[in-house]
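Chemist: sequence first, predicted model second:
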Amino acid sequence: MAAASVKIHEAIKVTPFSSDSTTSFTLPLTYFDFFWLKFPPVERLFFYQICDLTWDSFSSVILPKLKHSLSLTLHHYLPLAGHIMWPLEAPKPAVYFFPNDGVSFTVAESNNADFNHLSSNGIRRAVEFRPLVPEPSISDDKAEVIAIQITLFPNQGFSIGISSHHAVLDGKSSTMFVKSWAYLCKQLQLQEDKNDVVLSSLPLQLTPCFDRSVIKDPKGLDVVYANHWLEFANTRSLKIIPMKQVNSDLVRMTFEMRPEDITKLRDKIKENILQAGKSAEQLHLSTHVLACAHSFVCLVKAYGEETDTNVMFGVAADCRSRLDPPLPVNYFGNCVGGQGTVQKASYLMGENGVAFVAEKLSDCIKELKGDVIEGSEDKFVNFLGMMKGEGLQQRILSVAGSNRFDVYGSDFGWGKPKKVEIVSIDKTGAISLAESGDGSGGIEVGVVLEKHQMEVFASLFTDGLQS
Ligand SMILES: CC(C)(COP(=O)(O)OP(=O)(O)OC[C@H]1O[C@@H](n2cnc3c(N)ncnc32)[C@H](O)[C@@H]1OP(=O)(O)O)[C@@H](O)C(=O)NCCC(=O)NCCSC(=O)CC(=O)O
């Protein structure tokens, strides 16, 4: 089957509601943001099922509401309508907002794609998703912060694709923005007779805090990190580092762990640990840890790693509540810290591999405080070395998203999403996490692999939960 194509109806800029035509400002980026300066945008795709949706009803009812509520939302999130730039006289890049700046907004219609197939958990070709996510403009001088694409699937529903620059938004921030947009869109429908001033206010937890002074940086690590990027790429260019090509062999699947799978796996791991003469009492065996441990073991086996391959894995954490003093929960920007470990593949592939990985991840989570999550030049240099393929690790297992972001709560007024995907894992090779869409308390794991690897992964994943 050929990759689904789309017809583009319009490509416009949506500007922030009532923004003063003289407003311009600069939002500094912090050292947390600079980790991600040259990373590819994070692409999320939300599928909304509406079976009787025609182009007429879509373009006359849904689209105007999506556009207007986006404009209202941008009024609160002005930096998202700007660009990252690194002018010659500036010591580091920042977000610049100028009058009339807006967000790239593309409206498309799918020619032949099967909505039910794309929004299922089953095996789907990775290239089928590419026409549904917007490609933000990223040149040497300027990088768009976000770009949005709405795609109609006639008589099936529509999707919202959002690409977010990781140097401005982490997972907490980008999902908060989508939830704010959804909130205002729903309000628009609930209170059609009220005026915009009432409509445009956001609840406190969705009101972004752009105060950069809450990130303490006495050593000026922001400029240090920016200079290391300069050295790394030998240019001030904002272009991203080359990533994996999404070729036609890659397939995507979603694997679900239900609460009963999680309980069973947790009990099995505890038993393994007791049998090894250790205590499982203090272990952090959360849903996140169990899903990652199980998936990482299946991945290493599906890749067919040699036993002496060095495998790096760990946790990426939202550090807002972990910094001292903690940041406001609605702090907008990056506040992701990580802790990882490098282990021989043989330990992951051994009989008690899942328990082994779970113990290591549990240790990583407990270590997420103080120096571990604060920035340092050494840490950043190691990170860049890893990007260049230097260091011990030969296989990196990473995670995008989280089961704490409530992405399935993003209801724009036409119901909860049927499915949410992180499309960009096809380029980064990460697994993606989200809470289960049915609200059961389970977890969804998104994976993109070559077809033959996926067959191995799928059978290991399912068998591992049943045994
Ligand atoms: C470090 C962590 C991954 C560890 O996750 P864990 O789930 O193991 O740990 P935790 O302390 O949060 O939760 C442990 C237990 O506390 C309870 N608990 C905690 N928070 C809860 C909440 N909000 N709702 C319900 N229960 C909660 C649960 O019982 C849970 O166990 P149980 O789960 O069994 O019920 C997490 O704390 C974290 O920071 N998550 C966010 C990671 C993140 O920001 N990723 C995005 C990176 S940027 C990115 O990737 C790009 C993008 O996404 O756009």
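Modeler: Perfect, thanks for sending it. Numbering: from 1, shown residues only.
Chemist: show me which residues of the stretch 201-350 of the chain sit near the ligand.
Modeler: 284, 286, 287, 288, 289, 315, 316, 317, 318, 336 (Cβ under 6 Å from any ligand atom). Placement of C-beta: from N, CA and C, glycine included.
Chemist: cool, the stretch 51-200 of the chain as well?
Modeler: Close to the ligand, as judged by Cβ under 6 Å from any ligand atom, the stretch 51-200 of the chain has residues 170, 171, 172, 174.
Chemist: quick one: the residue of the chain found nearest the ligand from residue 36, how far?
Modeler: Residue nearest to the ligand within the chain: residue 171 (2.5 Å; Cβ to the nearest ligand atom). Residue 171 sits 11 Å away from residue 36, going by Cβ to Cβ, to the nearest Å.
Chemist: surely residue 88 forms part of a strand?
Modeler: No - under the criterion used here (DSSP: H, G, I helix; E, B strand; the rest coil), residue 88 is coil, not part of a strand.
Chemist: could I get the contacting residues of it?
Modeler: Residues near residue 88 by Cβ atoms under 8 Å, 6 or more residues apart in numbering: residue 236.
Chemist: and the helices in this protein?
Modeler: Along the chain, counting by DSSP state H, helices occupy 31-34, 55-57, 63-76, 115-118, 171-190, 196-199, 221-233, 259-275, 287-303, 345-349, 353-366, 377-387, 425-428, 451-466.
Chemist: the longest one - contacts with which helices or strands?
Modeler: Other helices and strands packing on helix 171-190, by 3 or more Cβ pairs under 8 Å, 6 or more residues apart in numbering; DSSP states H and E, are strand 42-49, helix 63-76, strand 157-164, helix 196-199.
Chemist: give me the beta-bridge partners of the residue minimising distance to the centre of the chain?
Modeler: By Cα atoms, centre = their mean, the chain has its centre lying nearest to residue 401, at 4.4 Å. Beta bridges link residue 401 to residue 433, judged by DSSP bridges.
Chemist: show me the shaky parts of the stretch 101-250 of the chain.
Modeler: Counting by pLDDT under 70, the stretch 101-250 of the chain has low-confidence residues at 193-199.
Chemist: domain assignment for the chain?
Modeler: Listed by the TED database, the domain ranges of the chain are 6-233, 250-466.
Chemist: on that earlier part again, in CSV, list the residues of the stretch 201-350 of the chain next to the ligand along with pLDDT and distance to residue 385.
Modeler: Output for these, formatted as CSV (pLDDT from 0 to 100; distance: Cβ to Cβ, whole Å):
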residue, pLDDT, distance to residue 385
284, 97, 29
286, 98, 31
287, 98, 33
288, 98, 27
289, 98, 27
315, 98, 20
316, 97, 18
317, 98, 22
318, 98, 25
336, 97, 19
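Chemist: what's the ChimeraX line that selects buried ones from those?
Modeler: Selection command for ChimeraX covering only the buried members of those, criterion 16 or more other Cβ atoms under 10 Å:
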select :286,287,288,289,315,316,317,318,336
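Chemist: now for the residues of the stretch 201-350 of the chain next to the ligand, which pair is the farthest apart?
Modeler: 287 and 336 (19.2 Å; Cβ to Cβ).
Chemist: please name the residues that touch residue 337.
Modeler: 32, 316, 317, 319, 322, 368, 372, 373, 374.
Chemist: highest neighbour count among those residues?
Modeler: Highest neighbour count within the contacts of residue 337: residue 32, with 26 neighbours (other Cβ atoms under 10 Å).
Chemist: how about the nearest residue to it, chain neighbours excluded?
Modeler: Of all residues not flanking residue 32 in the chain, residue 334 sits nearest, at 4.2 Å (Cβ to Cβ, 6 or more residues apart in numbering).
Chemist: what count of nearby residues applies to the one you found?
Modeler: Using other Cβ under 10 Å, the number of residues around residue 334 comes to 25.
Chemist: tell me the span between the first and last residue of stretch 211-224.
Modeler: In stretch 211-224, first residue to last residue: 21 Å (Cα to Cα, to the nearest Å).
Chemist: show me what counts as buried in it.
Modeler: For stretch 211-224, by 16+ other Cβ under 10 Å, it's 212, 214, 215, 217, 221, 222, 224.
Chemist: and the contacts of it?
Modeler: Contacts for stretch 211-224 (Cβ under 8 Å, 6+ apart): 27-32, 34, 91-92, 327-328, 331, 333, 335, 375-377, 380.
Chemist: how about a cut-off of 6 Å?
Modeler: Contact with stretch 211-224 is made by 28, 30, 31, 91, 92, 327, 375, 377, as judged by Cβ atoms under 6 Å, 6 or more residues apart in numbering.
Chemist: burial of the fourth one, as a residue count?
Modeler: It stands for residue 91. 11.
Chemist: and it, what does it touch?
Modeler: Going by Cβ under 6 Å, 6+ apart, residue 91 touches residue 223.
Chemist: ok, the closest residue in space to residue 415 that isn't next to it in sequence - contacts?
Modeler: Among residues not flanking residue 415 along the chain, residue 48 sits closest, at 6.6 Å (Cβ to Cβ, 6+ apart). By Cβ under 6 Å, 6+ apart, residue 48 lies in contact with 157, 158, 414, 417.
Chemist: so what's residue 48 bridging to?
Modeler: On DSSP bridges, the residues paired with residue 48 through beta bridges are residue 158.
Chemist: any idea how far it lies from residue 301?
Modeler: For residue 48, the distance to residue 301 (Cβ to Cβ) stands at 36 Å.
Chemist: list the contacts of residue 270.
Modeler: By Cβ under 6 Å, 6+ apart, the neighbours of residue 270 are residue 280.
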